[in-house]
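Student: Build me a model from this:
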Amino acid sequence: MTAAPITSFRQDAHVIGLIGLAHGISHFFHLILAPLFPWLKDAFNLSYAELGLLMTVFFIVSGIGQALAGFVVDRVGARAVLFSGIACLGVSAFTLSLAQNYPMLLAGSMLAGLGNSVFHPSDFTLLNKRVSAARLGHAFSVHGISGNLGWAAAPVFLTTIAALAGWRSALLAAAFLPFSVLILLVMNRNLLRTEDVGPAIAASKKAGAAPADAFGFMRLPAVWMCFAFFFITALALGGIQSFSSASLRELYRMSLGWATTGYATYMLASAAGMVWGGFLASKTTRHDRTIALAFTTAGLLALLIATGSVSALMAVVLMGAIGFGAGVAGPSRDLLIRAAAPKNATGRVYGVVYSGLDIGMATAPLLFGTLMDAHRPAWVFVFIGVFQALALFTAIGVGANTARKVAIA
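Tutor: You can find the predicted model right below:
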C-alpha cells in the first residue's frame, strides 16, 4: 500500500470533508427509491418482491461497475471518476421522476447504480493518497459517518416532500443534490488531484510490466475474505434498509412514522458508533477483534427484536444499539482492507472488495421481500442477526491472514 503523504491538519480536514460529502450523497441514493415504496406500490400496483427488484438491479449494476471502476481509477485517476459518478446520480433521479411504468423505474434504478459504482474505489484512493497516515483512522470514520447520515437523511427528505407534493416532486428535488455537490468539488478540484497516476503508469510500461500483473492482487486470500465479509454484512444491511420498517410495523403494530423512527435511530446510532470506532481503530492493529465483537453483539440484539417479546419502544432502542455496534466496526473494517491491499492497487482492491457489498445489497431485497410477501416479519430480523454474527468468521480470517503477512515480512 502506498504511504499516505504528510500534510497539514487543515488540508486533511478539507479533503476529508469533501470526500465525506460526496460519500453522503452516494448513500443517499442507495435509498432513492426505498422510502418511496408506499407511494410506488400504489402508483404502479407492485408487490414487495417487485419493489425489492428495484433495489436489486441498483446493486447489481453498482457491484459490476464498482469492480471495473477500481481499474479505471488506477488508470486515469480518482478525481475524474468521482465527478462522473456524482453527475450520473443527478441524471438518474431526474429520470426516475419522469417514470411512467415499471420498466422505466428499473432503468432509472440501473442508472443510479452506475453512478454509485465509482464511490468506494475513488473515495478510498483519494483518502489514502491525500490524507496523512496518522489521520486515516479518523478519515475512514468520517467517511462512514457521512454515508450513514446520507442513509438517515434520505427517508426524511424523500417522504416529507412526497407527502406534501408527491413522489415525483421528491425525486426531482433529489436530483439537485448531487449537482450541487459536484459544483463544490469542482471548485476545490486541486485538493483532489492525484498526479502520481500518470507517472506510475509510465513507469510500469517502461519496466515492461505484463498486463496480467494488474490482476495479481486477486490471488491474495485476504482480498476474497474481505469480499466475503462485505457480502455477508451487506445481506444484513440490505434487510435493514429495505424492509426493517415494514417488518417492525407488522411485528409490533407500529405506525409508519414510528417504524421509520426505528430505522432513522439505527442510522444515527451507527454514525455515533463510527465516531467511537475511529478512535478505537487508531489505537489498535487487531481490527478483526473489534469487528467480531461489534457484529456479534449486533446480531444477538437483532435476534431479540425477532422474538417480538419487547415493547415497541424497546424495539426502537434496540435498533439504535444494533446500529451503534455496526458503526463501531466501520473504521476498523476499512483499515483492515487497507492492510490487506498490495502496493499500487488501491482502487482495484477497494473496487473488487466493495463489490461484495453491492452483490449482498442486490441479493438482500429479494430475500427479505419474499419473507415480507409471505408475512414472516420476524424472520427478517432472524436473518439480519444471523448474517451479522457470521461476519465475525470472515473478519477473523482477514485479520489472521494479514498478521501472518506482517510477521513474514
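Student: Helices of the stretch 101-250 of the chain, start to end?
Tutor: 102-116, 119-130, 136-165, 167-187, 197-206, 221-252 (DSSP state H, counting those that start in this stretch).
Student: Mind checking the ones you listed for the one nearest to Phe279?
Tutor: Minimum separation from Phe279 across the helices of the stretch 101-250 of the chain (C-beta to C-beta) falls at helix 136-165, 7.7 Å. From N, CA and C alone the C-beta is placed, and that goes for glycine too.
Student: Show me what counts as buried in that closest one.
Tutor: 136-155, 157-159, 161-162 (16 or more other C-beta atoms under 10 Å).
Student: by how many degrees do it and helix 167-187 diverge?
Tutor: Helix 136-165 and helix 167-187 are oriented at 150 degrees to each other (axes from the mean of the first three to the mean of the last three C-alpha atoms, to 10 degrees).
Student: avg pLDDT for helix 136-165?
Tutor: Average pLDDT, helix 136-165: 86.
Student: Equivalent analysis for stretch 87-94, please.
Tutor: Stretch 87-94 comes out at a mean pLDDT of 95.
Student: So which bits of it are buried?
Tutor: 88-94.
Student: Dump the residues you listed to TSV, plus distance to Ile64 and secondary structure.
Tutor: What follows is those, written out as TSV (distance: C-beta to C-beta, whole Å; DSSP: H, G, I helix; E, B strand; the rest coil):
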residue	distance to Ile64	secondary structure
Cys88	14	helix
Leu89	17	helix
Gly90	21	helix
Val91	19	helix
Ser92	16	helix
Ala93	21	helix
Phe94	23	helix
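Student: wait, which of those residues is closest to Ser109?
Tutor: Among those, and counting by C-beta to C-beta, the member closest to Ser109 is Ser92, at 7.7 Å.
Student: List the contacts of the closest one.
Tutor: 29, 32, 108-109, 111-112, 114-115 (C-beta atoms under 8 Å, 6 or more residues apart in numbering).
Student: Stretch 77-84: how far from the chain's middle?
Tutor: Remark: stretch 77-84 is offset 18 Å from the chain centroid, using C-alpha atoms, centre = their mean, to the nearest Å.
Student: Give me the contact list for that stretch.
Tutor: Against stretch 77-84 from outside (C-beta under 8 Å, 6+ apart): 22, 69, 72-73, 118-119, 121-123, 125-126, 129, 182, 185-186, 189, 192-194, 197, 347.
Student: Can I have the buried ones of these as a ChimeraX selection?
Tutor: Only the buried entries of the contacts of stretch 77-84 go into this ChimeraX selection, using 16+ other C-beta under 10 Å:
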select :22,69,72,73,118,119,121,122,123,125,126,129,182,185,192,194,197,347
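Student: Tell me which two in the contacts of Ser92 are the farthest apart.
Tutor: Ile32 and Leu114 (12.9 Å).
Student: neighbour count winner among those two?
Tutor: Ile32 (25 against 22; other C-beta atoms under 10 Å).
Student: wouldn't that one be in contact with Ala173 here?
Tutor: No. With contact defined as C-beta atoms under 8 Å, Ile32 does not count as touching Ala173 (11.3 Å).
Student: now Gly144: how far from Ala326?
Tutor: Using C-beta to C-beta, to the nearest Å, we find Gly144 at a distance of 10 Å from Ala326.
Student: go on, Val382?
Tutor: Val382 sits 17 Å away from Ala326 when distances are taken as C-beta to C-beta.
Student: which of the contacts of Ser92 lies closest to Leu177?
Tutor: Of the contacts of Ser92, the one sitting nearest to Leu177 (C-beta to C-beta) turns out to be Phe29, at 8.7 Å.
Student: can you pull the pLDDT of that closest one?
Tutor: On the pLDDT scale, Phe29 is placed at 94.
Student: Find the least confident helix or strand in the protein, judged by mean pLDDT.
Tutor: Ranking every helix and strand in the chain by mean pLDDT, DSSP states H and E puts helix 197-206 at the bottom, with a mean of 45.
Student: what's near enough to touch Gly24?
Tutor: With C-beta under 8 Å, 6+ apart, Gly24 has these contacts: 146-147, 149-150, 153.
Student: So which of those residues is the closest to Ala269?
Tutor: Using C-beta to C-beta, these come closest to Ala269 at Leu149, 11.9 Å.
Student: what residues are up against that closest one?
Tutor: 24, 27, 267, 271 are the contacts of Leu149 under C-beta under 8 Å, 6+ apart.
Student: these two touch, right, Tyr70 and Phe119?
Tutor: Quick fix: residue 70 reads Gly, not Tyr. No. Using C-beta under 8 Å, Gly70 makes no contact with Phe119, being 11.2 Å away.
Student: Which elements pack onto the host helix or strand of Gly356?
Tutor: Using DSSP states H and E, Gly356 falls within helix 346-373. Under the contact criterion of 3 or more C-beta pairs under 8 Å, 6 or more residues apart in numbering; DSSP states H and E, helix 346-373 touches helix 48-76, helix 119-130, helix 221-252, helix 312-340, helix 377-408.
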